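Enquirer: pasting the sequence and the predicted coordinates here, then a few questions.
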Amino acid sequence: MSYLTQLKTFVEVYRCKNITKAAANLGLSQPSVTSHIQAMEAVVGKSLFERKARGVTPTAAAHDLALQVSGHIDILEQKIMSIRARSDAAHGTVNIAGPAEYISSVSGPQIANLLQSGNVNLVLHIGNKVRIFDALQSGTADIAIAASAPDPALFDSLVLDKEKLILVMNRLHGREIKDSAITADYSQATMSLLMMKSCL
C-alpha cells in the first residue's frame, strides 16, 4: 500500500509543528490531517508527535522519519510543479530536415529561440533535396526547409526566403566578360565557351 499522501501530510505537520496550520497549507480538514498522522504512526509503530496546547512537538521517531523522506517528498512536488508549468507550453521532439548551410547560417537563431524554452527537443536531418523530401514522406521529419518547391499534391508549403545567386569565376575568365551584359542566353553561351577554353 502507498502512503505517499500520508507522508506528505506528515512532512507538512513536522515543518509547521501545528496540525491546524498544516491542514490549511494542504487544503485538508483538520480531522483528515489527524487521520493521516495516525496512519503513519500505525505504519512505523511509534508515536510521531506529542500533542501540546499550541501545536505538536516531533518525537525522535518523527525526526528520523522526516530525515528519511522529506527530501524525496520535495523532489516529487517539484516534478509535479514542473509538469503543471509545462502543460500548456509546446513540448516534445521536433524533427527538422533541411540543407546544412541554410539551417546553420539562417535558421540557427530561430532554432536557438525554440530550444530556450527548455520544453522542445530538436533533431536535425541534414541532406540534399532527395533526402529532405524522403524524410518528409517517410515521416522521419515533421517539417522541412527546402530550396525547391514540393509537390503540392503531397505537401503544404510556405515561402520563407528567397535565394540570391552570385556568378563566381576565376579572374582570367572574369576579365573576358567584365563589361558584358549578362542575360540567361548570354550566360549559357559564355559559360559553354569558357568551359571549352578551360579544357583546352
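Expert: Perfect, I can see it now. Residues are numbered from 1 along each chain as shown.
Enquirer: what bits of the protein have low per-residue confidence?
Expert: 1, 83-91, 106-119, 163, 179-200 (pLDDT under 70).
Enquirer: any idea how far residue 148 is from the residue nearest the centre of it?
Expert: Centroid check for the chain by C-alpha atoms, centre = their mean gives residue 120 as the closest residue, at 1.9 Å. Residue 120 sits 27 Å away from residue 148 when distances are taken as C-beta to C-beta, to the nearest Å. Where you see a C-beta, it was placed from the backbone N, CA and C, and this is true even at glycine.
Enquirer: can you check residue 57 too?
Expert: Taking C-beta to C-beta, one finds residue 57 at 76 Å from residue 148.
Enquirer: so residue 93 touches residue 141, yeah?
Expert: No. Using C-beta atoms under 8 Å, residue 93 makes no contact with residue 141, being 11.5 Å away.
Enquirer: so for the two, which residue has more residues nearby?
Expert: Applying other C-beta atoms under 10 Å to residue 93 and residue 141 shows that residue 141 carries more neighbours, namely 23 against 9.
Enquirer: before we move on, the earlier item: of residue 57 and residue 148, who's got more company?
Expert: residue 57 (10 against 7).
Enquirer: just the residues contacting stretch 139-157, thanks.
Expert: With C-beta atoms under 8 Å, 6 or more residues apart in numbering as the test, stretch 139-157 has contacts from 94-99, 102-103, 107, 125, 129, 132-137, 160, 163.
Enquirer: could you tell me the end-to-end distance of it?
Expert: By C-alpha to C-alpha, to the nearest Å, the extent of stretch 139-157 from end to end equals 16 Å.
Enquirer: quick one: buried residues of that stretch?
Expert: Using 16 or more other C-beta atoms under 10 Å as the test for burial, stretch 139-157 gives 141, 144, 145, 146, 150.
Enquirer: break down the protein into its strands, ranges please.
Expert: With strands called from DSSP state E, the chain shows them at 49-52, 55-58, 92-98, 120-126, 143-144.
Enquirer: closest one to residue 70 among the ones you listed?
Expert: Closest to residue 70 of the strands of the chain, according to C-beta to C-beta: strand 55-58, at 11.5 Å.
Enquirer: list the helices and strands the closest one packs on?
Expert: helix 4-16, strand 49-52 (3 or more C-beta pairs under 8 Å, 6 or more residues apart in numbering; DSSP states H and E).
Enquirer: gap between stretch 23-32 and the chain center?
Expert: Here the centre of stretch 23-32 is set off from its chain's centre by 36 Å, with C-alpha atoms, centre = their mean, to the nearest Å.
Enquirer: ok, residues contacting that stretch?
Expert: By C-beta under 8 Å, 6+ apart, stretch 23-32 touches 8, 9, 12, 16, 19, 20, 33, 36.
Enquirer: change it to 7 Å
Expert: 9, 12, 16, 19, 20, 33 (C-beta atoms under 7 Å, 6 or more residues apart in numbering).
Enquirer: and it, what's buried?
Expert: 23, 26, 28.
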